[in-house]
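Visitor: Coordinates only, no sequence provided:
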């Protein structure tokens, strides 16, 4: 009986250890590249509406108009709210080899395609406060009410991560959507350099 308990404990411990390891790898990858990915691909469509042109029949009217225009420079917009889908999705490997053949060697491609130890993290467990700053305010989709979820704010979704055996190359896809007919899918290739993940290439793979 004790032998069975030991076996069960070992299996449970191994499983928990693997989950923690996978989660740590995921966190490290996103810690290194998350902000740069968002900053590279997102767009701020907010606009400050300026004053309408007036009658320029006099120098005084011209000065008043340009004064109003200059005052717009003092307006500081709040950080752009960016929505992050907390659930990850399965990486689509159809056509993967063709897309990355110019950026990865054959060995790394084959290892990524046959990667069985795929990150089991089904949800991003990142502290988004660590990435928010004066430019962006990151929030999880699950933490918003339905009206904001359906707004035209930028929404990011990420796939699970795939690695080569040495864990020096990482590949995943992500999407940025503003509406059902306004979005782009990307394939991201990362390489680990000096113990830090660096963006090697971002490929645009789909537009809606």
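Guide: That came through, no problem. None of these values were measured; they are calculated from a predicted model.

Visitor: quick one, helices of this structure?
Guide: Using DSSP state H, the helices assigned to the chain run over residues 2-41, 59-71, 96-100, 106-113, 146-149.

Visitor: least reliable of those going by mean pLDDT?
Guide: When the helices of the chain are compared on mean pLDDT, helix 146-149 scores lowest, with a mean of 58.

Visitor: Could you report the neighbour count for the closest residue to residue 112 other than its chain neighbours?
Guide: Leaving aside its chain neighbours, residue 112 sits nearest to residue 162 (5.0 Å; criterion: CB to CB, 6 or more residues apart in numbering). Bear in mind the C-beta positions are built from the backbone N, C-alpha and C, glycine included. Summarising burial for residue 162: neighbours were counted as other CB atoms under 10 Å, giving 21.

Visitor: Quick check: residue 162 vs residue 35, distance?
Guide: 22 Å (CB to CB, to the nearest Å).

Visitor: swap in residue 178?
Guide: As defined by CB to CB, residue 178 lies at a distance of 20 Å from residue 35.

Visitor: What of residue 206?
Guide: Distance of residue 206 to residue 35, computed by CB to CB: 23 Å.

Visitor: Same drill for the two, tell me which one is more crowded.
Guide: Looking at residue 206 and residue 35 with other CB under 10 Å, you find the greater number of neighbours at residue 35, namely 17 against 12.

Visitor: quick one: the more buried one and residue 131 touch, right?
Guide: Yes - taking CB atoms under 8 Å as the contact criterion, residue 35 and residue 131 are neighbours in contact, 5.3 Å apart.

Visitor: The residue nearest to residue 112 against residue 171, yeah?
Guide: Yes - contact between residue 162 and residue 171 holds when scored by CB under 8 Å: they sit 5.0 Å apart.

Visitor: what residues do these two have in common as contacts?
Guide: Contact with both residue 162 and residue 171 is made by residues 91, 112, according to CB atoms under 8 Å, 6 or more residues apart in numbering.

Visitor: re earlier: let me know the pLDDT of the residue nearest to residue 112.
Guide: Reading off the per-residue confidence, residue 162 sits at a pLDDT of 93.

Visitor: cool, the one 3 residues further on as well?
Guide: Predicted confidence (pLDDT) for residue 165: 92.

Visitor: what's around it, how many residues?
Guide: Other residues lying near residue 165 total 14 when counted by other CB under 10 Å.

Visitor: ok, for it, nearest residue in space, not its chain neighbours?
Guide: In space, residue 165 comes closest to residue 111 once its chain neighbours are excluded; the distance is 5.0 Å by CB to CB, 6+ apart.
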